[in-house]
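Visitor: Quick one, fold the following:
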Amino acid sequence: MSWRARLALMLPHPRRPWRWTDAVPLVVACCAIAGLLTTLALDGLRLAAPERLVLLLILPLIWWWWAATGPTGLRPQLAAIVRLLLFAALITALAEPRSVRISDRLSVVYCLDRSSSLGTKMQDETLR
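Guide: Below is the predicted model:
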């Protein structure tokens with residue numbers, strides 16, 4: 001099978017003429033993803049596996065499958081936006097976001113055993 005045949009399987013020919021309004025879901029999803037990742041990066045979010053964000057390159061392929069075969073209208077466009085954002089959220093979760101906050105303050109936590117397995121004398125000693 002030639003590479004053109006494989007490409008034709010991945011990117012089917014549109015069933016209807018392509019219009020610029022078909023690109024709206026992809027543009028909206030890309031802007032939302034870029035804004036969210038920028039905001040999170042400015043807030044101190046770190047990604048444990050940032051190389052997994054390369055999977056975001058699948059989104060235009062998903063959009064093309066929708067644009068080539070999907071129906072027209074506002075409702076299908078909103079559904080495409082939601083689907084693209086859900087795929088992006090899944091891919092971002094695969095990148096393992098971590099919130100890192102640095103503080104010089106020391107936090108101390110005390111744990112006291114107040115169960116009846118300890119005698120009252122031992123419970124009084126732990127409170128001192």
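Visitor: what comes into contact with the helix or strand of the chain with the lowest mean pLDDT?
Guide: Within the chain, confidence by mean pLDDT, DSSP states H and E is lowest for helix 120-127 among all helices and strands, at a mean of 73. Residues from elsewhere that reach helix 120-127 (Cβ atoms under 8 Å, 6 or more residues apart in numbering): L112, D113, R114, L118. (Glycine included, C-beta is placed from N, CA and C.)
Visitor: 7 Å - rerun?
Guide: L112, D113, R114 (Cβ atoms under 7 Å, 6 or more residues apart in numbering).
Visitor: What of stretch 62-80?
Guide: L11, P12, H13, P14, R15, W18, D22, V24, P25, L26, L84, F87.
Visitor: what's the span of that stretch, first residue to last?
Guide: 9 Å (Cα to Cα, to the nearest Å).
Visitor: distance between it and the chain's centre?
Guide: From the chain centre to the centre of stretch 62-80 is a distance of 21 Å (Cα atoms, centre = their mean, to the nearest Å).
Visitor: Grab the most central residue of this protein for me.
Guide: By Cα atoms, centre = their mean, the chain has its centre lying nearest to A89, at 2.2 Å.
Visitor: tell me the mean pLDDT over whichever strand or helix holds it?
Guide: In this assignment (DSSP states H and E), A89 forms part of helix 74-94. Here helix 74-94 scores 90 as its mean pLDDT.
Visitor: S103 falls within a helix, correct?
Guide: No. Counting by DSSP: H, G, I helix; E, B strand; the rest coil, S103 is not found in a helix; it is coil.
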